[in-house]
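S.K.: Predicted structure and sequence below. I'll ask about it afterward.
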Amino acid sequence: MVTPDAVWLALSEIQDPELPIAITDLGLVRSVDIDADVIRVRLIPTFVGCPALDLIREEVSRRLMALPAVRGVDVQYTFDEPWSLHRMTETGRAKLVAHGVSVPRVRLAEGATCPFCGSTDVVLESPFGPTLCRAVYYCRTCRNPVERFKPPADAALIVPNR
């Protein structure tokens, strides 16, 4: 029989395909249930329209099926609760900041902070970032482009503040 520790270790080794962070540090794993030799995993997407959802599901299935004594894996996305920043670990936050992604402390709608110099003199450059869930900002202090998770649609983030 597979152990919960073995399942969580395997999950912690799966990187998000678009960010340098494990899916466990990002807070995607909602629950893990083990019933003898079958593992059920429920994931919470950070962004409903994310094109990486199928890749993540496939990688979770592949990694867990590779564990000894596992005969089945069921991976589903749940929309019972929305993903929030509170689900992200401190390790995950640090990895994203080191990668140049601005990570809000509490709410997605709070002002951006430059991950390079720490300045809050950061403005929206484009609501269209390298992925659907990120926007591009510009730090006026160090003049670096900054990626950041998009706030909810009701946060009035569409017009740059220049």
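M.R.: Perfect, I can see it now.
S.K.: isn't Lys139 right next to Glu125, touching?
M.R.: For residue 139 the amino acid is Cys, not Lys. No - here Cys139 does not reach Glu125: they are 9.8 Å apart, not a contact under Cβ atoms under 8 Å. No exception for glycine: its C-beta is placed from N, CA and C like everyone else's.
S.K.: okay, the two: which has more neighbours?
M.R.: Between Cys139 and Glu125, Cys139 has the larger neighbour count (other Cβ atoms under 10 Å), namely 23 against 16.
S.K.: same for the longest helix along the chain, what does it pack against?
M.R.: Counting residues, the longest helix found in the chain (DSSP state H) is helix 53-65. If contacts are counted by 3 or more Cβ pairs under 8 Å, 6 or more residues apart in numbering; DSSP states H and E, helix 53-65 sits against helix 4-12, strand 38-43, strand 72-77.
S.K.: list the buried ones in the longest one?
M.R.: When burial is assessed from 16 or more other Cβ atoms under 10 Å, helix 4-12 yields the following buried residues: Ala6, Val7, Ala10, Leu11.
S.K.: Next, format these as JSON lines and append pLDDT and distance to Pro51.
M.R.: Conversion of those to JSON lines gives the following (pLDDT from 0 to 100; distance: Cβ to Cβ, whole Å):
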{"residue": "Ala6", "pLDDT": "96", "distance to Pro51": "30"}
{"residue": "Val7", "pLDDT": "97", "distance to Pro51": "26"}
{"residue": "Ala10", "pLDDT": "98", "distance to Pro51": "24"}
{"residue": "Leu11", "pLDDT": "98", "distance to Pro51": "21"}
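S.K.: follow-up on the earlier one: which residues touch the longest helix of the chain?
M.R.: Identification of contacts with helix 53-65 by Cβ atoms under 8 Å, 6 or more residues apart in numbering yields 7, 10-11, 13-14, 16-17, 23, 28, 39, 41, 43, 45, 70, 73, 75, 77.
S.K.: Phi and psi next, for the spatially most central residue of the chain.
M.R.: The centroid of the chain falls nearest to Leu26 when counting by Cα atoms, centre = their mean (4.1 Å). For Leu26, the backbone dihedrals are phi -80, psi -20 (criterion: degrees, to the nearest 10).
S.K.: All set, thanks.
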